[in-house]
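*Asks:* Sequence and predicted structure, then a few things I'm wondering about:
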Amino acid sequence: MPVLRNADYPASQATDSVSLRYAVAVLGAWAAEGATYPFDLTKTRLQIQSEVAAANKAGYKIENHGMIKTAVGIAKQEGVLKLWSGLMPMFQRHIIYSGSRLIFYEEFRNRFKDEDGKTSLKTASLGGLAAGALAQLVASPTDLVKVQMQAEGRRVLQGKPPRFTGCWQTYKLLYKESGILGFWRGAVPNVQRAALVNMGDLAAYDYSKQFLMREFGMADNALVHAGAAFAAGFVAAVVGTPADVMKTRLMNQPVGPDGRGVLYRGMIDCLQQSVKNEGIFSLYKGFLPLWMRLGPWALINWMAFENIMLALGGKTF
């Protein structure tokens, strides 16, 4: 596929339908996920290290390893393939999430663009917030399964008995523990995280791309896509990490007989305990692997989406 194809010279012509854009958005996300997923797993493990509430109430061992030591430890102790543990529910998530967020955002952008067809940064930011929140609300159960699978290896290494061996067993276990509504455990910080990340990803990518084309006269090609994707990944990591930490901890906590979490009463309690016990910088645990993931993720995702759309003769983002 030609990576320097631009919007003025697409490879072919095709009907640019909502279903086509939805499907291409999912394909782009799958490509990015497969390449960067180990960073997501490492980030999750970092976020549940030194979790004082878990040590006090669930008997988890407190650890304090860096990103590289954590990743190498997973590979050595659990096997290299465990760096992709939870990838299946992540793929399932993107079938719902990535297509929906793009369609929601583009619909919002089309409704609120000005007379010249331009979108302000404020409008783009609001569109990103809304699109991310709506898409994640629907997809939250798959994120819960992913976090549980990512954390299981650490739990087993600490002497706990294994609870499941695959994706569908995880779904069954969580349903048995908490019922249907239990699949939305941690949904509030998850939705907030997705809203913030998409404000960074969708809005920053869209605005940066239009800025480069408008101010520097650059063509709608891979160079612009790469520059805008870099900006999107960094902004998404900065604004999304605190909510991501809260989401991970709420989703990873054990549940009692009533199906409720035993460590935190909710997002605010999780935030307060984390800051009180571990300091304000606990909200940015896992920032480096998150950024190292979101940067390449945004690059691969947007390059794949834009080039596939150009190859099919559809409109770019």
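*Replies:* Arrived safely.

*Asks:* Below-threshold pLDDT in the stretch 151-300 of the chain: ranges please.
*Replies:* Counting by pLDDT under 70, the stretch 151-300 of the chain contains no low-confidence residues.

*Asks:* Can you list the residue ranges for helices in it?
*Replies:* All helices of the stretch 151-300 of the chain, identified by DSSP state H, counting those that start in this stretch, fall at 167-178, 187-198, 204-216, 222-252, 267-278, 287-312.

*Asks:* Show me what the fifth one is packed up against.
*Replies:* This means helix 267-278. Judged by 3 or more C-beta pairs under 8 Å, 6 or more residues apart in numbering; DSSP states H and E, the packing partners of helix 267-278 are helix 52-58, helix 187-198, helix 222-252. Yep, even glycine has a C-beta here, placed from its N, CA and C like the rest.

*Asks:* For it, what is the distance to the chain centroid?
*Replies:* With C-alpha atoms, centre = their mean, to the nearest Å as the basis, helix 267-278 stands 22 Å off its chain's centre.

*Asks:* circling back to that earlier point, kindly present the helices and strands packed on helix 267-278 as a markdown table, with separate columns for mean neighbour count.
*Replies:* What follows is the helices and strands packed on helix 267-278, written out as a markdown table (neighbours: other C-beta atoms under 10 Å):
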| stretch | mean neighbour count |
| --- | --- |
| helix 52-58 | 16 |
| helix 187-198 | 24 |
| helix 222-252 | 23 |
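
*Asks:* follow-up on the earlier one: nearest to residue 35, of the helices of the stretch 151-300 of the chain?
*Replies:* helix 287-312 (5.7 Å; C-beta to C-beta).

*Asks:* picking that back up, of all the helices and strands packed on helix 267-278, which one is nearest residue 67?
*Replies:* Closest among the helices and strands packed on helix 267-278, using C-beta to C-beta: helix 222-252, at 13.3 Å.

*Asks:* Serialize the helices and strands packed on helix 267-278 to TSV and add fields for distance to residue 46.
*Replies:* Shown next, in TSV, are the helices and strands packed on helix 267-278 (distance: least, C-beta to C-beta, whole Å):
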stretch	distance to residue 46
helix 52-58	14
helix 187-198	16
helix 222-252	9
